[in-house]
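[1] give the three-dimensional model of this entry:
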Amino acid sequence: MNIKLIIVFLITFLSSQSTLPCTMYKITKNGRTIVGNNEDFLSPNNQFWFEVAGDKDYGVMYMGLLNNFAQGAINDAGLVFDGFAEPELPIVNTEGKKQIWVGKAIKNIMQTMSTVEEVKGYLETINLSSLSSSQLVFVDKSGTYLIVEGDELIIGEESEKSFSNFYYSQINSLEDVTLPWFNVGQEFLKKTTAKASLNYCSNVMKNYKQVAKDLFSTQFTTVYDLSTLKIRVYLYHDFTEFIEIDLKQELKKGNHNKMMVDLFSETSLARKFYDQYNDSKNPISFLQEQMNPDIYSEKELLRMEFNETISILGYEWLNQKKNPDAAIKIFKYGVTLMPNNTDLYDSLGEAYLINNDWTNAIKNYAKSLALNPENDNAIDQLVSAKNDREQFKVKKFKQLADLIDQYAEATLKNGNINSIALAVYKNGLVYQNYYGEIDKGANNKPSDSSEYEIASITKTFTGALVAKAVLGGKLNLDDDIRKYLDGDYSNLEYQGQAVTIKNLLTHSIGFDDEDKNGLSTISNKINRGALNSNEVNYTIQDFFDELKSVKISHQPGTVYDYNSVGPELLAYILEKVNKTSYINQLDVFLKDLGMHNTYMQGHDKTSKNLVNGYANGNLTEINVSPLYGAAGGAISTLPDLTIYIKYLLEHKDEAWVKEASRSLFVDEEDDENIGYLWQNIGYAEEEGYYYSKTGTSNGVQSGVLICPDSDYGMVVIVNNTGDKAFNDWGTLFFRDIEPDVIKYPKINLYALTKPDFIRNKTIGLAKFNTLMKQKDAYYNTDLSWCLNNIGYELLNKKENNQAIEMFEFAIEQDPENANLYDSLGEAYFIAKEYNKSLLNYEKSLKLNPKNDNAKAYIDKIKKKLKR
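    Residues are numbered from 1 along each chain as shown. Sure, this is the predicted structure:
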């Protein structure tokens, strides 16, 4: 891509005359040579770096940008060099000469040579074709200079000489030079008496300076005394303040570097510009302030080469400062002002690509290609971006999967759950796995063929069938359900308000819970499940007979009251309007989704693969649904439920999916948001819209969660019920796995390093610090918070000694953290080491006088110690 070749030139001092003016002046009198140099550029991110001689002949001070390409240098033999951007001057004398990178050649010169004659002899052996658009000037301690321009290597000995963005070989006299800043300096020289002093040379450079012309200013000035090796430095065309460097003394300090701005006062003009230029939150502010490019047309901006300015800025943020977010802001600003510039879209695509935002990278490369169909770079990068996206997704998803495994294995160690089957869908990728044993000691790990009672998750299938009927015009949500019932059901209303289809879907039918003689009897049986099919001889006719006697105690559609009656009535109504059995409708629905191993228990299939369930450690009987099973009779496998959540996410805009997943009723008192038999519907700030459903049979706990806005879904099934098992299932689902899925592709650094910290704190810390070099790839990145949490996990497991060691280790890393002393105080208190507990609570209180918890514990401990 041409623009990128230009930018490489720019950053390494090679560019067009109009964008990189620089000026150099040398004077020799009475055996003393002084050299001044102005570096005119856009970026204030300039530095000195010092390299001692070592096994070479001379130590060197280099100067340049953050990329460590030397724009100038002086060695301790008094040899100085500087480079200038120039119009192209073809170099043809290359036959038989060595190919060597110019940066390496300059370093070799500065480390091993002291005179320009040596430099000339060395350069005569090198292929200089890479310098066709630049000029190098060397000056040694004697005052002799060497100009390297095109094929010419010119040595001169005049006592005074000025150099800038022109070739001496291309002019007859300095009167031919049309550079305005250079001519101002020349007028100063004509009117003054030349002196070989730092002060006089500083004044010369002051007159050669540039001040914010088209944003390019004199960023720094160096004035060298080649005899004393003292260097005077001015910053940002401000000649009211300078610092002086003693090269010999600096080299005694060894290899080191210094940012130029750090050598000057905080109130300097240079510091103000530096801070504004490096404002990552608003990196375009200085452009707007100094140039106001928004007032120009795209054509005018191109004529001003503003596109190259944007590129310089953007690539400095991208390549040197390693901040793709700021680079993206720069390039986006550029394409806003110049929407037809293919190169800027190309650059914006590259910034997004480096930031692992492949969607926007592909979008901008495509825009670049549309503007320039011959843009081979955009074609290559489009292919690369798509490949990188897939590889990155697989790699990051594997990290997420490893953490999910870690959470599941830790859950099993609690001893309350036999086995786990889980699946996670995120951004088109799926992970599913199985853990533990179905029956303890039987070595029978669940598999893809394992079948589970999914209980109330069945209701969502019924809800989907109703949604399809509503969209097909066969049902209306506000229909009185008596429209579909045969016989007199005058009891199914409250003060003239009938029970509707919507009420059946949202568990808000208004039935009297205290009515023990009516439908509640069988409703309770359905809710809890019968032990076996012979115990409940209950037909659909029995159901409707009892329905005639039920009482409505409050207005339908006003109070949430979870029940299984609604789904069973809906199954009957679906048979009425669709004129086929509920089971047939369900079969068609499941086959259309690709769920070929999901069926209604007790109807067309039985299976030896049905997983045993356990309640509080005891084997349970299988639930039996005496009616349609529409409320909780389905059997399914993990792969089928994975297909289900995948379909709902990948077809979220399909009419029936949108209808079936929307909210129909909110009971604020019970904090319930219900849809087509989906529950826990809501909207969260980070993950957006979500809906879910759990299923609890006698011995199996299951749940599905769908978050279409964040494109993720989850299934977690365990073959255990009871309070402890339910708590472990919920913790695994909502505390452990879901936050990581929400944050993905960021990875939970706390969870990733916790096992290492527990095994070996030193190794854990090393791993943590290494990963923190890519901080943006992780979340939970506060070390103190992580160590504190690990300490409390150990404390909750009654591993007090390990917890104390972890809190103490945390304090070593963060000794001013009041919260850590508070935690250590608590650990010692639990261990009944009250004196140590008191000491740490007092330290915590000293660091945070508002710590009421520490105050309370201090009082409690003092009372204990008095006894």
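[2] in this structure, where's the longest helix?
    The longest helix of the chain (DSSP state H) is helix 376-412.
[3] can you give me the buried ones in it?
    Using 16 or more other C-beta atoms under 10 Å as the test for burial, helix 376-412 gives 377-378, 381-382, 385, 389, 393, 396-397, 399-400, 403-404, 406-408, 410-412. Backbone N, C-alpha and C define where each C-beta goes, glycine included.
[4] next one: residue 258 from residue 50, what distance?
    Distance, residue 258 to residue 50, by C-beta to C-beta, to the nearest Å: 8 Å.
[5] okay, the two: which has more neighbours?
    The neighbour count for residue 258 versus residue 50, taken as other C-beta atoms under 10 Å, is higher for residue 50 (19 against 15).
[6] how far away is residue 260 from residue 242?
    11 Å.
[7] list the residues that contact both of these two?
    residue 233 (C-beta atoms under 8 Å, 6 or more residues apart in numbering).
[8] quick one: which of the two has more around it?
    residue 260 (22 against 16).
[9] and whichever helix or strand comes after the longest helix of the chain, what's its mean pLDDT?
    Next in sequence after helix 376-412, counting helices and strands by DSSP states H and E, comes strand 419-426. The pLDDT scores in strand 419-426 average 98.
[10] mind exporting strand 419-426 as PDB, just the C-alpha atoms?
    Taking C-alpha atoms only, strand 419-426 is exported to PDB below (Å, rounded to 0.1, in the frame of the first residue of the first chain):
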ATOM      1  CA  SER A 419     -22.900 -35.100  37.400                       C
ATOM      2  CA  ILE A 420     -23.100 -32.000  35.200                       C
ATOM      3  CA  ALA A 421     -24.000 -31.500  31.600                       C
ATOM      4  CA  LEU A 422     -23.600 -28.000  30.200                       C
ATOM      5  CA  ALA A 423     -23.400 -26.000  27.000                       C
ATOM      6  CA  VAL A 424     -22.500 -22.500  26.200                       C
ATOM      7  CA  TYR A 425     -23.200 -20.600  22.900                       C
ATOM      8  CA  LYS A 426     -21.400 -17.300  22.200                       C
END
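[11] ends of stretch 555-565, how far apart?
    17 Å (C-alpha to C-alpha, to the nearest Å).
[12] what residues does that stretch touch?
    493-495, 497-500, 502-504, 506-511, 513, 519, 523, 526-527, 631-632, 665, 667, 669-670, 672, 674.
[13] can you list the residue ranges for strands in the stretch 251-400 of the chain?
    Secondary structure of the stretch 251-400 of the chain (DSSP state E, counting those that start in this stretch): strands located at 256-259.
[14] wait, what's in contact with residue 367?
    So, once contact is read as C-beta under 8 Å, 6+ apart, residue 367 ends up touching 345, 349.
[15] dig out what the nearest residue to residue 610 once chain neighbours are set aside forms beta bridges with.
    Excluding the flanking residues, the one nearest residue 610 by C-beta to C-beta, 6 or more residues apart in numbering is residue 451, at 4.8 Å. Beta bridges link residue 451 to residue 610, residue 637 when assigned by DSSP bridges.
[16] in contact with residue 167, which residues?
    With the criterion set at C-beta under 8 Å, 6+ apart, residue 167 makes contact with 86-87, 89, 135, 149-150.
[17] again, but for residue 731
    Counting by C-beta under 8 Å, 6+ apart, residue 731 has contacts residue 411.
[18] do you know the pLDDT at it?
    pLDDT at residue 731 comes out at 97.
[19] how far does stretch 811-819 stretch from start to finish?
    Using C-alpha to C-alpha, the end-to-end distance of stretch 811-819 comes to 10 Å.
[20] so how far is it from its chain's centroid?
    Distance, stretch centre to chain centre, for stretch 811-819: 28 Å (C-alpha atoms, centre = their mean, to the nearest Å).
[21] so for it, mean pLDDT?
    Rounded mean pLDDT across stretch 811-819 is 97.
[22] buried residues in that stretch, which are they?
    811, 817-819.
[23] residue ranges with poor pLDDT in the chain?
    Under the criterion pLDDT under 70, the flagged ranges of the chain are 1-20, 212-214, 513-536, 603-606.
[24] domains of it?
    Domain assignment for the chain by automatic domain parsing gives 2-273, 279-374, 406-743, 782-866.
[25] centre of the chain to the third one, how far?
    A distance of 36 Å separates the centroid of the chain from that of domain 406-743, by C-alpha atoms, centre = their mean.
[26] same question for the second one.
    In terms of C-alpha atoms, centre = their mean, the centre of domain 279-374 is found 21 Å from the chain centre.
[27] please apply the same query to the first one.
    Taking C-alpha atoms, centre = their mean, the mean C-alpha location of domain 2-273 is offset from the chain mean by 41 Å.
[28] helices of the stretch 601-750 of the chain, start to end?
    In the stretch 601-750 of the chain, the helices defined using DSSP state H, counting those that start in this stretch lie at 638-650, 655-660, 723-730, 738-743, 749-759.
[29] and of the ones you listed, who's closest to residue 253?
    helix 749-759 (37.0 Å; C-beta to C-beta).
[30] nearest residue to residue 309 in space, please, no chain neighbours.
    residue 215 (6.0 Å).
[31] does that neighbour touch residue 289 like I think?
    No - the pair residue 215 / residue 289 is not scored as a contact, 10.6 Å apart, by C-beta atoms under 8 Å.
[32] the more surrounded of these two?
    Shown here are residue 215 and residue 289; by other C-beta under 10 Å, residue 215 has more neighbours (18 against 9).
[33] OK, contacts around that one?
    Applying C-beta under 8 Å, 6+ apart, the residues contacting residue 215 are 42, 287, 290-291, 309.
[34] what residues are bridge-paired with the closest residue in space to residue 645 that isn't next to it in sequence?
    Of all residues not flanking residue 645 in the chain, residue 713 sits nearest, at 3.5 Å (C-beta to C-beta, 6+ apart). Beta-bridge pairing of residue 713 under DSSP bridges involves residue 425, residue 706.
[35] for residue 713, give me its contacts.
    Neighbours of residue 713 in contact, by C-beta under 8 Å, 6+ apart: 424-425, 645-646, 648-649, 704-707.
[36] and residue 105, by the same measure?
    Going by C-beta under 8 Å, 6+ apart, residue 105 touches 122-123, 126.
[37] helix, strand or coil for the nearest residue to residue 81 once chain neighbours are set aside?
    By the measure of C-beta to C-beta, 6+ apart, the closest residue to residue 81 outside its immediate chain neighbours is residue 138, 4.8 Å from it. Under DSSP: H, G, I helix; E, B strand; the rest coil, residue 138 falls in the strand class.
[38] measure residue 138 to residue 221 for me?
    Residue 138 is 19 Å from residue 221, by C-beta to C-beta.
[39] can you check residue 404 too?
    In terms of C-beta to C-beta, residue 404 sits 59 Å off from residue 221.
[40] over to residue 789?
    Counting by C-beta to C-beta - residue 789 and residue 221 are separated by 54 Å.
[41] next: residue 735.
    Residue 735 sits 60 Å away from residue 221, taking C-beta to C-beta as the criterion.
[42] ok, the two, which is more surrounded?
    Just comparing residue 735 and residue 221: by other C-beta under 10 Å the higher neighbour count belongs to residue 221, 26 against 10.
[43] residues contacting whichever strand or helix holds that one, please?
    If you go by DSSP H and E, residue 221 is part of strand 217-225. Contacts with strand 217-225, where a contact means C-beta under 8 Å, 6+ apart, come from 32-44, 46, 63, 72, 74, 80, 198, 201-202, 205-206, 208-211, 230-237, 239, 260.
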